[in-house]
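> Provide a 3D model corresponding to the input given below.
(2 chains)
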2 protein chains.
Amino acid sequence: MRNDKPAVGLDPAIWPSSARRNSAGALELGGVDCRDLVAAYESPVYVFDEIDARSRAQLFRQAYESAGATTVYYAAKAFLATAVAKWMTEAGLGVDVASGGELEVVLRAGVPGHGLLMHGNNKSIAEIELALTAGVGRIVIDSFDEIVRVADVANRLGLVQQVLLRVTVGVEAHTHEFIATAHEDQKFGLSVASGDAAEAVRRIVKLPSLSFAGLHSHLGSQIFDSSGFHEAAVRVAAFARSLRDEQGVGVRELNLGGGMGIAYIEGDDPLEVAEMAEQICAVVRSECGLAGIEVPALAFEPGRAIIGPAGVTIYEVGTVKPIELDEGLVRTYVSVDGGMSDNIRTALYEAKYSVVLASRLSSAEPMLARVVGKHCESGDIVVRDAWLPSDVVPGDLLAVAATGAYCRSMSSNYNYLPRPAVIAVRDRLTSVVLRRETTEDLLALDPGA
Amino acid sequence: MRNDKPAVGLDPAIWPSSARRNSAGALELGGVDCRDLVAAYESPVYVFDEIDARSRAQLFRQAYESAGATTVYYAAKAFLATAVAKWMTEAGLGVDVASGGELEVVLRAGVPGHGLLMHGNNKSIAEIELALTAGVGRIVIDSFDEIVRVADVANRLGLVQQVLLRVTVGVEAHTHEFIATAHEDQKFGLSVASGDAAEAVRRIVKLPSLSFAGLHSHLGSQIFDSSGFHEAAVRVAAFARSLRDEQGVGVRELNLGGGMGIAYIEGDDPLEVAEMAEQICAVVRSECGLAGIEVPALAFEPGRAIIGPAGVTIYEVGTVKPIELDEGLVRTYVSVDGGMSDNIRTALYEAKYSVVLASRLSSAEPMLARVVGKHCESGDIVVRDAWLPSDVVPGDLLAVAATGAYCRSMSSNYNYLPRPAVIAVRDRLTSVVLRRETTEDLLALDPGA
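Below you'll find the model as predicted:
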């Protein structure tokens, strides 16, 4: 239970840059009153501050380019729609996709294939064909099975595909700590320590329809500092050197993946973007120097860090229920009109979020609240512990910050709830990124409906 | 890690009743070869044994009616489509719905309103209107806010709505244990101990558009024995007596909810259905006798226990990757073409499942495997620990048992993966319950696609 003092105001480390209270005391995003958003697009609604998303994309590109990196890809899995693909492309980023479906969206947004990179531990032949036909710049190979699969498709299409090999170096980074081990017990990549990664390179370079561009190493998610990257750089540089010495193969590119963290609640303190970029790139250069190899072209794949803070979810309160706990403590359950269908992260990862009363200002005393959804499940919690004004009533709107990443992208229709609209706001204007589902949409797959 | 001997064959406690190996060694459901299912409906595919689902629905109705209960509702949240609503209705069950969307599906299946019951901790006015207009038999009231809301709608529509009050009695049941406390720290219901439940009844009986039918008390999920129901019966009977003595109000109905558990893996041992029914009903009768009150009409709401074991998910293997762990142990990651989008339960609840090689028989030595999905996330695990034949290769089909409940109903389009088809099988015939999503379905909400 969070017993620290309630937050006052809208912490700029957590809320999108345009978030403010207007003269009526209501939360405004991109100059649009959240009450008007709900009136126009119903509740719940995902709202994206377009300028915030675009600026953050530019910030990442500039910071990593200034630090010496060559390419920044937007990790589409965090959240994708054609509008978002355009924002990222216009900010000069590539896009990394993890499925045929994500690739299809990006292509429909008019993004040319050469700026794309495709991930996946189990790409289907159809997905590989779609990617190679679209001219996707890089395929990240994840297994021995896939080497042959990609080579076959490339061969059939009469082209030479640039590929990276995803390797595991035994470094896993999370927030404030990293874990270094010999082996990684996970589905992605091929292990350097076991020799599998070296063997994969041996096989790749023999295949005329593949061009070995380099290595991919991803450390984890919600990374707050560069310590994990330091350890990974040591191990990747040593592996690159061994590839040169033993196989005469150069690593032209090194993609260090994403995982840069964001602030969800007060106290979350990810390293500033430019500083993180400088530290990571510097450590790679220095470790390559020590290993006596050329510094490869560096690439990164932030997703959450770009789109997460740009998104806010607005909900309407339906019921307010104080529950007496032991020792006289009272927890007030505030039920909203969405829940684990539009944000599974609280239930799935015990994620924490910041929430405010959005439709008005209140000077009422704060109360310990739990914001819960409307699903028929007791684990359906949006914000486990929050301070909200004690005069919250049905009809009030609440806003949950930093829901831009992994909320709409992982959303479901649990209990046959329609998925909310995704609306972009900027300069007092709104545009539909994804429209709200209708009952007819929900029944479209049922031949008996 | 599960180190017991690998399962041989298809345990009838876990697999649907028609599951068998055909002469080719392939898994057959409802007389249909799983390879033919994949050929016709693509992979992954959810397969429901229609006879199994219908029989289990009848089994529950008969067992609980024989034990003295009046109504068995199917809990639609577990999995719902018009076909399933028809199966349940034809088996003589009512249906409990938890949203306007679920109600809409049931109504489109032609189920009359009087056999329905509506749940929800935050029903919207629109949902209440839809329910009352459809003549839904029972509304389960969950909060003070809702008393007024339902009464207003009923009043406006000129009808008297039968309502139950959801109460919390401080008993939470899970699998082999139950927890009894004074208060329940959850979003559902009104507390008996705090006096809120009595106050709610006081308010309900005063409203001429509401008819107080009785109480609803739900204990939890995956309940394997009746001990939790015993403690709940004690407390509910005492509360019913106090309502009679203090308010002169009778509890005509008592709905004890659902939560009856099923076997996901070997060793899961829920009490046999008839035995559980007998024990629960007997204990309610006996506690009512001790409390000196009339035994109310009893109702129950199994969902998972009816539809869970009827469903099987078939996947195709895409990659096979042995990973050396410490101490020479090898874990083989078997990647399939679905994952946390079609079954979030492994990641969300650490749920365990049984999996077999489905497209053929193999006499190869068993290997320690982890069945993982194709999502770009390391937590994307379908079966954490499984024994699979060591000759599993890409192209093989795997079947995961007992995925009928809370898999399709909680499914997402994470990574823009289309949701698999849901196919019913019986007597060698197949029928589409929900068709597979297409790329166009996935892009239908995006105005830029």
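> Please spell out which residues along stretch A:293-305 are buried.
For stretch A:293-305, the neighbour count (16 or more other CB atoms under 10 Å in any protein chain shown) marks A:293, A:295-305 as buried. For glycine as for every other residue, the C-beta is placed from the backbone atoms N, C-alpha and C.
> right, and the helix or strand after the helix ranked longest in chain A?
Determined from DSSP state H, the single longest helix within chain A is helix A:273-291. Once the chain leaves helix A:273-291, the next helix or strand it forms, by DSSP states H and E, is strand A:297-300.
> Quick one: mean pLDDT for that following strand?
The average pLDDT within strand A:297-300 is 98.
> The helix or strand hosting residue A:74 pairs with which strands, and in what direction?
Per DSSP H and E, residue A:74 falls inside strand A:71-75. The sheet places strand A:71-75 alongside strand A:94-97 (parallel), strand A:297-300 (parallel), with pairing taken from DSSP bridges.
> now the first one: mean pLDDT?
If I follow you right, that is strand A:94-97. Across strand A:94-97, pLDDT averages out at 98.
> Toward the C-terminus, what is the element adjacent to it?
Next along the chain after strand A:94-97, taking DSSP H and E as the criterion, comes helix A:100-108.
> and the angle from that following helix to strand A:71-75?
For helix A:100-108 against strand A:71-75, the angle between stretch directions is 120 degrees (axes from the mean of the first three to the mean of the last three CA atoms, to 10 degrees).
> helices and strands around helix A:100-108, which ones?
On a contact count with 3 or more CB pairs under 8 Å, 6 or more residues apart in numbering or on different chains; DSSP states H and E, helix A:100-108 meets helix A:82-90, strand A:94-97, strand A:116-118, helix A:125-133, helix B:439-443.
> can you tell me which of those comes nearest to residue A:397?
Checking the helices and strands packed on helix A:100-108 against residue A:397 by CB to CB gives helix A:82-90 as the closest, at 23.9 Å.
> Other residues contacting that closest one?
A:48, A:50, A:53-54, A:57, A:74, A:76, A:95, A:105-106, A:108-111, A:115, A:306-307, A:424, A:431, A:433, B:446, B:448-449 (CB atoms under 8 Å, 6 or more residues apart in numbering or on different chains).
> Just the buried ones from the residues you listed?
The neighbour count (16+ other CB under 10 Å) marks A:48, A:50, A:53-54, A:57, A:74, A:76, A:95, A:105-106, A:108-109, A:111, A:115, A:306-307, A:424, A:433, B:446, B:448-449 as buried among those.
> And for the closest residue to chain B within the stretch 51-200 of chain A, nearest residue in space, chain neighbours not counted?
Proximity of the stretch 51-200 of chain A to chain B (CB to the nearest CB) peaks at residue A:101, 2.7 Å away. Excluding the flanking residues, the one nearest residue A:101 by CB to CB, 6 or more residues apart in numbering or on different chains is residue B:416, at 2.7 Å.
> which parts of the stretch 151-300 of chain A sit against chain B?
Proximity of the stretch 151-300 of chain A to chain B, by CB under 8 Å from any CB of the partner chain, involves residues A:182-188, A:190-191, A:194.
> Just send those residues back as JSON lines, with pLDDT too.
Putting these into JSON lines (pLDDT from 0 to 100) gives the following:
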{"residue": "A:182", "pLDDT": "73"}
{"residue": "A:183", "pLDDT": "75"}
{"residue": "A:184", "pLDDT": "86"}
{"residue": "A:185", "pLDDT": "91"}
{"residue": "A:186", "pLDDT": "93"}
{"residue": "A:187", "pLDDT": "95"}
{"residue": "A:188", "pLDDT": "95"}
{"residue": "A:190", "pLDDT": "96"}
{"residue": "A:191", "pLDDT": "95"}
{"residue": "A:194", "pLDDT": "93"}
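> Any quick PyMOL command for the buried ones out of these?
Here is the PyMOL command that picks out the buried ones among these, judged by 16+ other CB under 10 Å:
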select buried, chain A and resi 183+184+185+186+187+188+190+191
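> can you tell me which of the residues of the stretch 151-300 of chain A next to chain B lies nearest to residue B:380?
Relative to residue B:380, the closest of these is residue A:187; by CB to CB it sits at 7.4 Å.
> hmm, stretch A:336-352 touching chain B?
Yes: counting by CB under 8 Å from any CB, chain B is contacted by stretch A:336-352 at A:336-337, A:344, A:347-348.
> Out of the residues you listed, which sit inside strands?
In strands, judged by DSSP state E, the following of those are found: residue A:336.
> Can you say which two of the residues of stretch A:336-352 next to chain B are spatially most distant?
Spatially, the most separated pair among the residues of stretch A:336-352 next to chain B is A:337 and A:348, at 20.4 Å (CB to CB).
> in its sheet, what does the helix or strand containing residue A:369 sit against?
Using DSSP H and E, residue A:369 maps to strand A:366-372. Using DSSP bridges, strand A:366-372 pairs in its sheet with strand A:330-336 (parallel), strand A:381-389 (antiparallel).
> Output it in CSV, but only the C-alpha positions, please.
The C-alpha trace of strand A:366-372 is given here as CSV (Å, rounded to 0.1, in the frame of the first residue of the first chain):
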residue,chain,number,x,y,z
PRO,A,366,-7.4,12.9,-0.4
MET,A,367,-8.7,9.3,0.2
LEU,A,368,-6.9,6.0,-0.3
ALA,A,369,-8.5,4.6,-3.4
ARG,A,370,-8.3,1.6,-5.7
VAL,A,371,-9.4,2.2,-9.2
VAL,A,372,-11.0,-0.9,-10.6
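> how about low-confidence regions in chain A?
Within chain A, the ranges that satisfy pLDDT under 70 run A:1-8.
> Mind doing that once more with 80?
Within chain A, the stretches with pLDDT under 80 are A:1-8, A:175-176, A:181-183.
> mind giving me the domain split of chain A?
Here the domain parsing of chain A from automatic domain parsing is A:20-49+A:310-443, A:67-307.
> How far off centre is stretch A:18-36?
Stretch A:18-36 has its C-alpha centroid displaced from the chain centroid by 26 Å (CA atoms, centre = their mean, to the nearest Å).
> can you pull the buried residues of it?
A:18-19, A:26-35.
> Please apply the same query to stretch A:160-176.
Neighbour-count burial for stretch A:160-176 flags A:161-174 (criterion: 16+ other CB under 10 Å).
> So which of these sit within strands?
Mapping the buried residues of stretch A:160-176 onto strands (DSSP E) picks out A:161-168, A:171-174.
> want to throw these into a markdown table with distance to residue B:224?
Shown next, in a markdown table, are those (distance: CB to CB, whole Å):
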| residue | distance to residue B:224 |
| --- | --- |
| A:161 | 53 |
| A:162 | 55 |
| A:163 | 50 |
| A:164 | 49 |
| A:165 | 47 |
| A:166 | 42 |
| A:167 | 45 |
| A:168 | 40 |
| A:171 | 42 |
| A:172 | 36 |
| A:173 | 40 |
| A:174 | 35 |
